[in-house]
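Structure for the following, please:
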Amino acid sequence: MNNRDNRTLWKGACHCGAVQFTVRLTDGMNTARRCSCSYCSMRGAVAVSANLDDIEIISGQDILSLYQFNTGTAKHHFCSRCGIYTHHQRRSNPHQYGVNVACLDGVSPLDFAVVPVYDGQNHPKDSQAPTPATIGQLRFEPGKGQPKPRY
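Residues are numbered from 1 along each chain as shown. As a prediction, the model looks like this:
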């Protein structure tokens, strides 16, 4: 679906389907990234960007759980039933959410040939750097007979 500003309206859900949402991304799949902070390293998700007012929880708001650590600025939301991380309010830009691409209908982390990894261990809010530094990239190279990444 598209809205008047030509951004796609994506449907998303957690694994069990209890949390369902719609979202319009700031720049489609072009903002895909990973983070190296202690939490994101363990979580392992690929996230894309959305403005705070561009996500709507359709169902399951009451079962979304919140996790915060360190400064408490970032707000990580996950389904309390199946445990899947759906989105988080960013510390680097509190006016944006990072949205788990694996929760978006028809999207997989394996759809990305290259995903930049940002340095969450040396966060720009701690060092006063203007933007997070890229420390590397994750690459997906499909095996023989497997589809090539879409993004």
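
quick one: the one residue sitting closest to the centre of the chain from Gly12, how far?
Within the chain, one residue has its C-alpha closest to the average C-alpha position: by CA atoms, centre = their mean, that is Ala47, at 2.3 Å. In this structure, Ala47 and Gly12 are 12 Å apart, going by CB to CB, to the nearest Å. To be clear about C-beta, it is placed using only N, CA and C from the backbone, and glycine gets the same treatment.

Now do the shared contacts for those two.
Shared contacts of Ala47 and Gly12, defined by CB atoms under 8 Å, 6 or more residues apart in numbering, are found at Val99, Asn100.

before we move on, back to that, any idea which element the nearest residue to the residue nearest to the centre of the chain once chain neighbours are set aside lies in?
Residue nearest to Ala47 in three dimensions, not counting chain neighbours: Gly98, with 3.4 Å by CB to CB, 6 or more residues apart in numbering. Using DSSP states H and E, Gly98 sits within strand 96-100.

Remind me what the helix or strand following that strand packs against, helices and strands.
Towards the C-terminus, the helix or strand next in line after strand 96-100, according to DSSP H and E, is strand 114-118. Counting contacts by 3 or more CB pairs under 8 Å, 6 or more residues apart in numbering; DSSP states H and E, the secondary-structure elements packed against strand 114-118 are strand 34-35, strand 134-139.

any chance of those in TSV, plus distance to Phe21, mean neighbour count and mean pLDDT?
Formatted as TSV, the helices and strands packed on strand 114-118 follow (distance: least, CB to CB, whole Å; neighbours: other CB atoms under 10 Å; pLDDT from 0 to 100):
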stretch	distance to Phe21	mean neighbour count	mean pLDDT
strand 34-35	21	24	94
strand 134-139	25	13	93
